[in-house]
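J.: 3D, please:
(one chain, ligands or ions: 1)
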Amino acid sequence: MGVRNQEAPINVKFMHRTLSVASSPVRDLLALTSRPEVISFAGGLPAPELFDLDGVRAAYDLALRDRAVLQYAPTEGDPALRDLVSARLTGRGLPTSDVLITTGSQQALALVATAMLGPGAVVAVEEPTYLAALQCFQMTGARIVPVASDADGLVPSSLRSVVAAENPGLLYLVPTFGNPTGRTLSAARRAEIAEIAAAHDLWIVEDDPYGELRYRGSAVPPLASMSDRTIYLGSFSKIGAPGMRLGWLRAPADLLRTLTIVKQAADLHTSTVDQAAAAVYLANNDLDAHISRLCAEYGARRDAMLAALPATMPAGTTWSDPDGGMFVWLRLPGDADSAVLLKDALQHDVAFVPGAAFFATTPDHATLRLSFTANTVEEIGEGMARLAKVLL
Ligand SMILES: Cc1ncc(COP(=O)(O)O)c(C=O)c1O
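T.: Numbers count the residues shown, from 1 in each chain. Sure thing, here's the model as predicted:
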């Protein structure tokens, strides 16, 4: 039995579409970032030394005093966790009566894609955007159309043009400290986008795993608080621990019911024990205080990376100036190709993500993403010095 060539499309009798799973050369290169000597600015990873290991261990210990946490459970999720998450969202200015607990917000994206997209559907996405959302949408056979963004996030006039030309049913965006740009959509633009959505029967997917990681300035109201045509996705991954794979989805009641049925078909429910531990953790710990500690450290790491950029990047490079989140987005001058530069960078034991994969249609090869959260200030200094050797 041979191993299937990864470049070959999967063809199954009666399958209505073809999934072509290309092995990306960049993915192969990034596999090399796990060498211990590499300082990686590539992954969007939280800092492991900041995980509240003792708090999480104690929460599992308490949760496991009840045998029921090892049993099957309702698809909607643990009632205590749903209440606690709803109360947190309400406290942050998004009145919420219920949520669906998902296996990370990635699953919420897959559920939305399954329920709302398919061949013939059109989904508009902020460009550039989170590449695993693009993958999710591509797999449904829907057509993806890009909407331009700038330093203030998605550009409403570009959305108007896309709506007029393509009539999308869904708009996906990461409006607060976006992946990959780190940028935040202004409050005025949020209001305008909510208006466009209402006028054109457009559903909005507001993906918000980073919103609580703010290092300066004040919070901008969630799009979901301005438009009831919004599906809001949250996650424990960046403020807690991604290994627990816990996310939540807030949507109008009818849609929440539909998405619950789709989830039932996908995995019956999210891990009972992980949900129970998260509920105990939220009830017994001050998550806000933990997030404040994360923000103090990540803010210092952000500052260290931004301070090093002028001496690291060639003249003419531009970059975003994120108020929070995990990422700085850069564009090199001229016709630079960041995927080629990554090869050199890896020889100097430093890594980043080339930007092309974050584009739905026409990639800009001169772009790249740097993440500042998973390395200490000292490691960032050393990593940026290595990058300077490659780029200058
Ligand atoms: C914008 C965005 N959405 C969703 C996810 C998925 O997060 P998780 O499934 O861990 O909640 C990520 C992870 O990096 C992300 O950046």
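J.: which outside residues touch the helix or strand where A308 lies?
T.: A308 is located in helix 287-308, with elements delineated by DSSP states H and E. Helix 287-308 has contacts (CB atoms under 8 Å, 6 or more residues apart in numbering) with 41, 46-47, 50, 52, 55, 88, 212-216, 239-240, 281, 319, 321-322, 324, 326, 328, 370, 372-373, 375-377, 380-381, 384-385. The C-beta positions use only the backbone N, C-alpha and C, and glycine is treated the same way.
J.: What of stretch 177-185?
T.: In contact with stretch 177-185 (CB under 8 Å, 6+ apart) are residues 44, 126, 128-131, 149, 151-154, 173, 175-176, 193, 209-211, 213-214, 220, 223, 320-329, 353, 355, 358, 369.
J.: residue contacts, whichever residue of the stretch 101-250 of the chain sits closest to the ligand?
T.: Closest residue of the stretch 101-250 of the chain to the ligand, CB to the nearest ligand atom: G104 (2.6 Å). Listed by CB under 8 Å, 6+ apart, the contact set of G104 reads S235, S237, P242, R245, L246, G247.
J.: next one: L249
T.: Applying CB under 8 Å, 6+ apart, the residues contacting L249 are 99-100, 102, 105, 108, 111-112, 231-234, 256, 259.
J.: go again using 7 Å as the cut-off
T.: Contacts for L249 (CB atoms under 7 Å, 6 or more residues apart in numbering) come out as V99, L100, T102, A108, I231, L233, L259.
J.: In helices, which of the residues you listed fall?
T.: A108, L259 (DSSP state H).
J.: Might one say that V155 is in contact with V162?
T.: No - at 10.1 Å, V155 and V162 do not qualify as touching, with contact defined as CB atoms under 7 Å.
J.: Please check the contacts of helix 287-308 and keep the buried ones.
T.: Restricting the contacts of helix 287-308 to buried positions leaves 41, 46, 52, 55, 88, 212-215, 239-240, 281, 319, 322, 324, 326, 328, 370, 372-373, 375, 380, 384, with burial counted as 16 or more other CB atoms under 10 Å.
J.: ok, A283 - how many residues close by?
T.: Using other CB atoms under 10 Å, the number of residues around A283 comes to 13.
J.: confidence score at it?
T.: On the pLDDT scale, A283 is placed at 97.
J.: Likewise for the one 10 residues further on?
T.: At R293 the predicted local confidence, pLDDT, stands at 98.
J.: Distance check, it against A124.
T.: Distance from R293 to A124, counting by CB to CB, to the nearest Å: 37 Å.
J.: Next: L346.
T.: 35 Å.
J.: Tell me which of those two has more neighbours.
T.: Each of L346 and A124 has its neighbours counted (other CB under 10 Å); A124 has more, 26 against 19.
J.: Any figure for the gap between that one and A110?
T.: 18 Å.
J.: And for the closest residue to R216 other than its chain neighbours, the neighbour number?
T.: Using CB to CB, 6 or more residues apart in numbering and skipping residues adjacent in sequence, the residue nearest R216 is D323, 5.3 Å away. As a burial measure, D323 scores 19 neighbours (other CB under 10 Å).
J.: dump the residue contacts of D323.
T.: Residues near D323 by CB under 7 Å, 6+ apart: F177, T184, R214, Y215, R216, G217.
J.: Backbone torsions only: list them for it.
T.: phi -80, psi -10 (degrees, to the nearest 10).
J.: and this protein, which of its residues are near the ligand?
T.: Residues of the chain lying close to the ligand by CB under 6 Å from any ligand atom are 44, 104-106, 130, 174, 179, 207, 209, 235, 237, 242, 247.
J.: okay if I get those residues as TSV plus pLDDT?
T.: Shown next, in TSV, are the residues of the chain next to the ligand (pLDDT from 0 to 100):
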residue	pLDDT
G44	92
G104	98
S105	97
Q106	97
Y130	96
V174	98
N179	97
D207	98
P209	98
S235	98
S237	98
P242	97
G247	98
